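J.: Generate coordinates for the sequence data below:
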Amino acid sequence: MTSIKSIDRNFWINPPWGNGREKYRLGLKPIEKNKWFEVKITESLKTHKKNLFAKR
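T.: Numbers count the residues shown, from 1 in each chain. You can find the predicted model right below:
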């Protein structure tokens, strides 16, 4: 029977996203804040989103 520790060790040594070459290769990179959205959001949408946070 394979132990959980050996599975975890193998996973981190050769993760499926890294092909065993890089330590972390998730395909993620920071996005410039001004490139998050193509157009400005409307005031009504902005208010709606703020209300969602306030009512959590």
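
J.: Just give me the neighbour total for residue 29.
T.: Neighbour count of residue 29, defined by other Cβ atoms under 10 Å: 5. C-beta coordinates here come from the backbone N, C-alpha and C atoms, glycine included.

J.: could we number from 7 for the rest of this?
T.: Let's use 7 as the start, then, which means that last one is residue 35.

J.: What score does it have for pLDDT?
T.: Each residue has a pLDDT score; the one for residue 35 is 75.

J.: So it: helix, strand or coil?
T.: coil (DSSP: H, G, I helix; E, B strand; the rest coil).

J.: roughly how far apart are residue 58 and residue 51?
T.: 11 Å (Cβ to Cβ, to the nearest Å).

J.: Residue 19 now?
T.: 45 Å.

J.: which secondary structure elements does the longest helix anywhere in the chain contact?
T.: Looking across the chain with DSSP state H, the single longest helix is helix 49-60. Helix 49-60 sits against no helix or strand, with contacts defined as 3 or more Cβ pairs under 8 Å, 6 or more residues apart in numbering; DSSP states H and E.

J.: average pLDDT for it?
T.: 94.

J.: Which residues outside that helix are in contact with it?
T.: residue 47 (Cβ atoms under 8 Å, 6 or more residues apart in numbering).

J.: what about 7 Å?
T.: For helix 49-60, there are no external contacting residues (Cβ atoms under 7 Å, 6 or more residues apart in numbering).

J.: in that helix, what's buried?
T.: Buried residues in helix 49-60, counting neighbours by 16 or more other Cβ atoms under 10 Å, are absent.

J.: Would you mind putting the CA coordinates of it into CSV?
T.: Extracted C-alpha coordinates of helix 49-60, given in CSV (Å, rounded to 0.1, in the frame of the first residue of the first chain):
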residue,chain,number,x,y,z
GLU,A,49,-21.7,53.7,-11.1
SER,A,50,-24.8,51.4,-10.7
LEU,A,51,-22.6,48.3,-11.0
LYS,A,52,-20.0,49.7,-8.7
THR,A,53,-22.8,50.4,-6.1
HIS,A,54,-24.2,46.9,-6.5
LYS,A,55,-20.8,45.3,-5.9
LYS,A,56,-20.2,47.4,-2.8
ASN,A,57,-23.6,46.4,-1.5
LEU,A,58,-22.7,42.7,-2.0
PHE,A,59,-19.7,43.1,0.2
ALA,A,60,-21.5,45.1,2.8
